[in-house]
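# take a look and give me a structure for this.
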Amino acid sequence: MEEMELHHIVLFKFTNEAPTETIRAGAKKLESIPGVKRVEFGHNTKSFYDEYPDRSQGFTHMLVSVMESTEALREYGPHPLHQEFKQLILPYKKDILAMDFTAPVPASL
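The predicted model follows:
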């Protein structure tokens, strides 16, 4: 059977005052949660080329977490570091959208 991992994708609409680097540092702390393989956080890059359409619907930032399993996601939500991150972003959060999917673990090179 193929080994799977879970991808937890969160889109944020932040106020202009959101301290992106502070939030990025807080997001990196999430990698310390058991079962979390890696976390990436960044702002929407709108201008890949001149005619590139902005399809962000106002979402300004994204967090991508890759986890070992669906069980890891269940433990991630209530974990103190995740709760701390939620408190960090709360004053700047205008909206949020989260989705999860499983995918095969990439083969090692």
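# quick one, phi psi at Ala27?
When quoted as degrees, to the nearest 10, the phi and psi of Ala27 stand at phi -70, psi -40.
# what about it, how many neighbours?
When neighbours are counted by other CB atoms under 10 Å, Ala27 registers 21. Where you see a C-beta, it was placed from the backbone N, CA and C, and this is true even at glycine.
# now for it: which residues touch it?
Val39, Glu40, Phe41, Leu63, Phe85 (CB atoms under 8 Å, 6 or more residues apart in numbering).
# give me the beta-bridge partners of the closest residue in space to it that isn't next to it in sequence?
Once flanking residues are discounted, Ala27 sits nearest to Phe41: 3.8 Å by CB to CB, 6 or more residues apart in numbering. Note on Phe41: beta-bridge partners by DSSP bridges are Leu63.
# wait, what's in contact with Phe41?
Counting by CB under 8 Å, 6+ apart, Phe41 touches Ile23, Arg24, Ala27, Lys28, His61, Met62, Leu63, Val64.
# pretty sure Glu3 sits against Thr102.
No. Counting by CB atoms under 8 Å, Glu3 stays clear of Thr102, with 10.4 Å between them.
# where in the chain is pLDDT low?
47-49, 109 (pLDDT under 70).
# check which residues of stretch 72-91 are buried.
Judged by neighbour count (16 or more other CB atoms under 10 Å), stretch 72-91 contains these buried residues: Ala72, Leu73, Tyr76, His79, His82, Phe85, Leu88, Ile89.
# show me the helices in this protein, by range?
Under the criterion DSSP state H, helices of the chain are mapped to 20-29, 70-76, 80-89.
# which one of those helices lies closest to Ser108?
helix 70-76 (20.2 Å; CB to CB).
# perfect, that will be all.
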